[in-house]
Structure formats: C-alpha cells, structure tokens
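Peer 1: Sequence plus the predicted model coming up.
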Amino acid sequence: MQHILKVLAAIVVITYSLHLVNAESDLLVFSGLAVILSALYFLFRELDLIFEQLKSKL
C-alpha cells in the first residue's frame with residue numbers, strides 16, 4: 001500500500017510540475033524539468049522495488 005501511495009505522489013508531482021514547464025520564465029521551466037526528472041527517477045526506483053518484492057514472493 002505504501003508503494004502505491006508513493007507512485008501516486010510521484011504522478012501528482014509530475015502533473016503539477018508540467019505547469020512550471022509551461023511558464024514564461026526560463027528559471028521556472030528548468031526547475032519544472034528538474035522536478036519532472038527527479039520524480040521520474042523516484043517513480044522508476046519505486047517500481048523496481050515493487051517488482052523485486054513480487055519476484056521474491058514467486
């Protein structure tokens with residue numbers, strides 16, 4: 001359950017930071033891209049942990 005909440009939180013962060021990418025200021029655009037990349041890294045790391053747990057149960 002905790003992993004699902006973390007994945008949902010990463011999706012919410014990516015969705016919010018897409019608003020920053022559409023901003024006028026270059027600083028907001030680059031900070032939005034940095035947030036998206038870090039959230040994607042976190043998301044893939046969580047998915048890897050989920051798959052490892054599933055493999056260990058099989």
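Peer 2: On my side now, so go ahead. Note that the structure is a prediction, hence the values are computed from the model and not measured. Numbers count the residues shown, from 1 in each chain.

Peer 1: C-alpha only now, for contacts and for neighbours.
Peer 2: Noted.

Peer 1: as a whole number, average confidence for the longest helix seen in the chain?
Peer 2: Longest helix in the chain, counting residues (DSSP state H): helix 26-57. The pLDDT scores in helix 26-57 average 90.

Peer 1: Just give me the residue closest to the centre of this protein.
Peer 2: For the chain, A39 is the residue whose C-alpha lies nearest the centre (Cα atoms, centre = their mean; 2.8 Å).

Peer 1: circling back: what packs against the longest helix of the chain?
Peer 2: Judged by 3 or more Cα pairs under 8 Å, 6 or more residues apart in numbering; DSSP states H and E, the packing partners of helix 26-57 are helix 2-21.

Peer 1: What are the buried residues along the helix it packs on?
Peer 2: Buried positions in helix 2-21, judged by neighbour count with 16 or more other Cα atoms under 10 Å: 7, 10-11, 13-14, 17, 20-21.

Peer 1: repeat for stretch 20-32
Peer 2: 20-21, 28-29, 32.

Peer 1: what's the answer for stretch 44-58, then?
Peer 2: 46-47.

Peer 1: Run through who's touching it.
Peer 2: Stretch 44-58 is contacted from outside by 3, 6-7, using Cα atoms under 8 Å, 6 or more residues apart in numbering.

Peer 1: May I see those arranged in JSON lines, with pLDDT and distance to L58 as well?
Peer 2: Listed next are the contacts of stretch 44-58 as JSON lines, based on pLDDT from 0 to 100; distance: Cα to Cα, whole Å:
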{"residue": "H3", "pLDDT": "81", "distance to L58": "18"}
{"residue": "K6", "pLDDT": "86", "distance to L58": "23"}
{"residue": "V7", "pLDDT": "87", "distance to L58": "22"}
